[in-house]
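Visitor: Sequence plus the predicted model coming up.
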Amino acid sequence: MRQVVIVGYPNAGKSTLFNRLLHQKKSLVHSLPGMTRDRVSAPCVLHEKRFELVDTGGFFDSLAEPLSPQVKKMAWEAAKTADVLLLLLDGRRGLAPAETDLYRSLKKLGKPLLVVVNKIDTSAQEAGLGDYYRLGEERLFFISAEHALGLSDLEEAVAAALPAAEPAGAEEPPPLRIAIIGRINVGKSSLVNRLCGEERFIVSELPGTTRDSSDVLIRTDRRSYRLVDTAGIRKLNRVADERESAGVIKAKKNIPLADVLCLVLDAQEFPTHQDAAVAKLAFDSGKPLLIALNKWDLIDENRVSLANAKNLVFQRLEFIDYAPLVTVSALTGKRTMRILDLADKVYQSGLKTVGTPRLNKWLASISAAKALLSKTGKRFKIRYMTQKDVLPPTFVLFTNTQASFAPAYEKYFVKEMRDAFDLRDTPVKLVLKSPSKK
Ligand code: GDP
């Protein structure tokens, strides 16, 4: 997606402008000082142009000090991917030399650059703004992000600076929505922070560490991911000290919002009754699922192997044995990025389709290998089967008589299907249809 990137020194009002352009009243993200993320973004539409608005928040630490090489590098990373740049200046403070430098460097990128002077709350102020014209920019935008003044001109200019239409097929897929679910204290918020690469800003020990934002967008070179409703993870935890089932309540709320679920378990203690309750919700939803066994840094791998851990998990949580499991550490960051890879993988698996001829050929061979058993022990036949849906792959089985599978047989049937059609990482749903109940 096209990107419009807001750049500027602290206190210029970047996050206020960010939220204004998104037409958000409440701050989406920066609720506490020092909590600015390195990079925050959200989808935005202005004058029917769709783009991603990016706030470079914490890139520019201090106006007094020259830009550190690292900060410069990060800023350029963001600026490089931008289609339009907004340089935000503080109209009350006056132009600082560092800002002039920043302006020149940005200009060199040769991209559309809009210079925006913020905090102009009265027209009287504009008289003293001659300084800003010395940058050499033909057009300056004087606004008050706080009081929503001067924004319509800016919005028009942003839209005009964006290319007319996305070239066909270039549109990035929408972010994959991932819900991080699990009981309290397994490390959900630590993982979210780790995935955002901003653990220095948000740590569990900080009093009142809440984020107003509900979703967090993260981007890799491949695509973007939306971690759904992360704010509440922390909020609920505090309440949860007394109410053990908070993790379950939260999962209930978040599962419907997600494309993919990541069940977090604590490697020191798993799976507990609460883990099973959350896992059951994940199973019932039929959504693609992966398991992150967190706090693996505390585990002595000479004593507990990955295979041991998997056995322990799936002995108790057999019903979600299709979910790939990765051992991670939110503390060290080990393998946490694998969560995103696996999220892609399980989502793709959930989209798999199998053609009807293949299915029925397979059905003939499995029916020949083992007679179908119903719950009541009676034999029955499946005359025909076809795939009716994806996410999860759902198969309708037309039987010769009213019957339901014996659980053990259903397990066998599904396992064989998984192997035959490479459906290993996804839930699979079977719907039996008998002639009488059409
Ligand atoms: P949540 O309730 O699931 O969001 O859990 P938190 O993220 O608040 O983590 C609970 C506790 O576990 C905190 O004290 C974290 O510092 C700690 N923790 C989280 N992840 C790890 C990890 O990978 N390794 C270790 N050693 N501790 C962790």
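Guide: Cool, the structure landed. Numbers count the residues shown, from 1 in each chain.

Visitor: Spell out which residues of the stretch 301-438 of the chain are next to the ligand.
Guide: Within the stretch 301-438 of the chain, the positions near the ligand by Cβ under 6 Å from any ligand atom are 329-331. Heads up, the C-betas are built off the backbone N, CA and C, glycines and all.

Visitor: where are the low-confidence patches of this protein?
Guide: Scanning the chain for pLDDT under 70 picks out the ranges 24-39, 57-75, 124, 126-127, 165-172, 197-214, 221, 231-244, 436-438.

Visitor: which residue ranges form the helices in the stretch 201-350 of the chain?
Guide: Listed in chain order, the helices found in the stretch 201-350 of the chain under DSSP state H, counting those that start in this stretch are 231-240, 246-254, 273-285, 306-316, 338-350.

Visitor: What is the second one packed up against?
Guide: Where contact means 3 or more Cβ pairs under 8 Å, 6 or more residues apart in numbering; DSSP states H and E, helix 246-254 is packed against strand 176-181, helix 231-240, helix 273-285.

Visitor: switch to 6 Å and redo it
Guide: In terms of contacts (3 or more Cβ pairs under 6 Å, 6 or more residues apart in numbering; DSSP states H and E), helix 246-254 is packed against helix 231-240, helix 273-285.

Visitor: related to what we said a few turns ago, same list, the helices of the stretch 201-350 of the chain, but as a markdown table with mean neighbour count and distance to Tyr9 please.
Guide: Putting these into a markdown table (neighbours: other Cβ atoms under 10 Å; distance: least, Cβ to Cβ, whole Å) gives the following:
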| stretch | mean neighbour count | distance to Tyr9 |
| --- | --- | --- |
| helix 231-240 | 17 | 27 |
| helix 246-254 | 20 | 36 |
| helix 273-285 | 19 | 44 |
| helix 306-316 | 15 | 47 |
| helix 338-350 | 20 | 32 |
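
Visitor: okay if I get those as JSON lines plus distance to Pro175?
Guide: Supplementary listing: the helices of the stretch 201-350 of the chain in JSON lines, determined by distance: least, Cβ to Cβ, whole Å:
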{"stretch": "helix 231-240", "distance to Pro175": "17"}
{"stretch": "helix 246-254", "distance to Pro175": "15"}
{"stretch": "helix 273-285", "distance to Pro175": "19"}
{"stretch": "helix 306-316", "distance to Pro175": "28"}
{"stretch": "helix 338-350", "distance to Pro175": "11"}
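
Visitor: Select, out of these, the one closest to Ala82.
Guide: When these are compared for distance to Ala82 using Cβ to Cβ, the nearest one is helix 338-350, at 23.1 Å.

Visitor: ok now that closest one, how far from the chain's centre?
Guide: 12 Å (Cα atoms, centre = their mean, to the nearest Å).

Visitor: Show me this protein divided up by domain.
Guide: Structural domains of the chain, as assigned by automatic domain parsing, span the residue ranges 3-161, 176-350, 356-433.

Visitor: if we can go back for a sec, out of the helices of the stretch 201-350 of the chain, nearest to Val40?
Guide: With Cβ to Cβ as the measure, helix 231-240 is the member of the helices of the stretch 201-350 of the chain nearest Val40 (13.2 Å).

Visitor: With adjacent residues omitted, what lies nearest to the residue nearest the centre of the chain?
Guide: When the chain is reduced to its mean C-alpha position, the nearest residue by Cα atoms, centre = their mean turns out to be Arg226, at 2.0 Å. The shortest distance from Arg226 to any residue that is not its chain neighbour, by Cβ to Cβ, 6 or more residues apart in numbering, is 4.0 Å, and that residue is Pro175.

Visitor: returning to that earlier point: using TSV, lay out the residues of the stretch 301-438 of the chain next to the ligand together with neighbour count.
Guide: Supplementary listing: those in TSV, determined by neighbours: other Cβ atoms under 10 Å:
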residue	neighbour count
Ser329	22
Ala330	24
Leu331	17
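
Visitor: Let me have those residues in CSV, adding distance to Ala368 as columns.
Guide: As requested, these are arranged in CSV below (distance: Cβ to Cβ, whole Å):
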residue, distance to Ala368
Ser329, 48
Ala330, 50
Leu331, 53
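
Visitor: Between these, which sits nearest Ala371?
Guide: The shortest approach to Ala371 among those belongs to Ser329, at 48.2 Å (Cβ to Cβ).

Visitor: Can you verify my assumption that that closest one contacts Trp296?
Guide: Yes. In terms of Cβ atoms under 6 Å, Ser329 counts as a neighbour of Trp296; the distance is 5.0 Å.

Visitor: Could you tell me which residues touch both of those two?
Guide: In the contact map built from Cβ atoms under 6 Å, 6 or more residues apart in numbering, no residue is linked to both Ser329 and Trp296.

Visitor: Which stretches in the stretch 1-150 of the chain count as strands?
Guide: For the stretch 1-150 of the chain, applying DSSP state E, counting those that start in this stretch gives strands covering 3-8, 40-46, 49-55, 84-90, 113-118, 140-142.

Visitor: would TSV of those with mean neighbour count be doable?
Guide: As requested, those are exported to TSV (neighbours: other Cβ under 10 Å):
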stretch	mean neighbour count
strand 3-8	24
strand 40-46	20
strand 49-55	23
strand 84-90	25
strand 113-118	23
strand 140-142	19
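
Visitor: Same list (those strands) but as CSV, adding distance to the ligand.
Guide: Formatted as CSV, the strands of the stretch 1-150 of the chain follow (distance: least, Cβ to the nearest ligand atom, whole Å):
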stretch, distance to the ligand
strand 3-8, 30
strand 40-46, 20
strand 49-55, 25
strand 84-90, 33
strand 113-118, 36
strand 140-142, 41
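
Visitor: so can I have CSV of those showing distance to Pro392?
Guide: Formatted as CSV, those follow (distance: least, Cβ to Cβ, whole Å):
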stretch, distance to Pro392
strand 3-8, 34
strand 40-46, 27
strand 49-55, 30
strand 84-90, 40
strand 113-118, 46
strand 140-142, 50
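
Visitor: For Arg379, which residues count as its bridge partners?
Guide: Leu373 (DSSP bridges).
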